[in-house]
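Engineer: make a model of this:
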Amino acid sequence: MSYEHLSAEERGKIEAWLYDGISQTEIAKRLNRHRSTIFRELKRNSPKRINNSLASLPYRATSANNVAMLRKKNCGTVTNRDEMVSRANSECCEGCKGMSQ
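Structural biologist: Model prediction:
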């Protein structure tokens, strides 16, 4: 089995097979992927429950692909630049104070 990101086509197959009641392990075999890849895909890219609702929300390939692409686009970016700059400045100043004593 090879390692590469799931494609939009594979996500579409996952959605269809889940709708048909195919198990996650069987889906992994059909896609020639490790079963943990499918479990992780469903955990990361399925809609989240609201207020601990017992209602199960279905996996949607289009939404999952959008979430995955957004996550990939934002990979490595700083989400709160102001906080990072403030923390870096305070750590730097603390280091300077220690050197002057």
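Engineer: just the CA atoms of the strand or helix carrying residue 62, as PDB, please.
Structural biologist: For residue 62, the host element (DSSP states H and E) is helix 61-73. Taking C-alpha atoms only, helix 61-73 is exported to PDB below (Å, rounded to 0.1, in the frame of the first residue of the first chain):
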ATOM      1  CA  ALA A  61     -17.300  13.700   0.200                       C
ATOM      2  CA  THR A  62     -17.600  17.300  -1.100                       C
ATOM      3  CA  SER A  63     -17.500  18.800   2.300                       C
ATOM      4  CA  ALA A  64     -14.700  16.500   3.400                       C
ATOM      5  CA  ASN A  65     -12.600  17.400   0.400                       C
ATOM      6  CA  ASN A  66     -13.100  21.100   1.100                       C
ATOM      7  CA  VAL A  67     -12.100  20.700   4.700                       C
ATOM      8  CA  ALA A  68      -9.000  18.700   3.700                       C
ATOM      9  CA  MET A  69      -7.900  21.300   1.000                       C
ATOM     10  CA  LEU A  70      -8.400  24.100   3.500                       C
ATOM     11  CA  ARG A  71      -6.300  22.300   6.100                       C
ATOM     12  CA  LYS A  72      -3.600  21.600   3.500                       C
ATOM     13  CA  LYS A  73      -3.600  25.300   2.400                       C
END
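Engineer: buried sites along that helix?
Structural biologist: Judged by neighbour count (16 or more other CB atoms under 10 Å), helix 61-73 contains these buried residues: 61, 63, 64, 65, 68. C-beta coordinates here come from the backbone N, C-alpha and C atoms, glycine included.
Engineer: other SSEs contacting it?
Structural biologist: Packing contacts for helix 61-73, counted by 3 or more CB pairs under 8 Å, 6 or more residues apart in numbering; DSSP states H and E, involve helix 8-19, helix 35-45.
Engineer: what angle separates the longest one from helix 61-73?
Structural biologist: Here helix 8-19 runs at 140 degrees with respect to helix 61-73, directions being taken by axes from the mean of the first three to the mean of the last three CA atoms, to 10 degrees.
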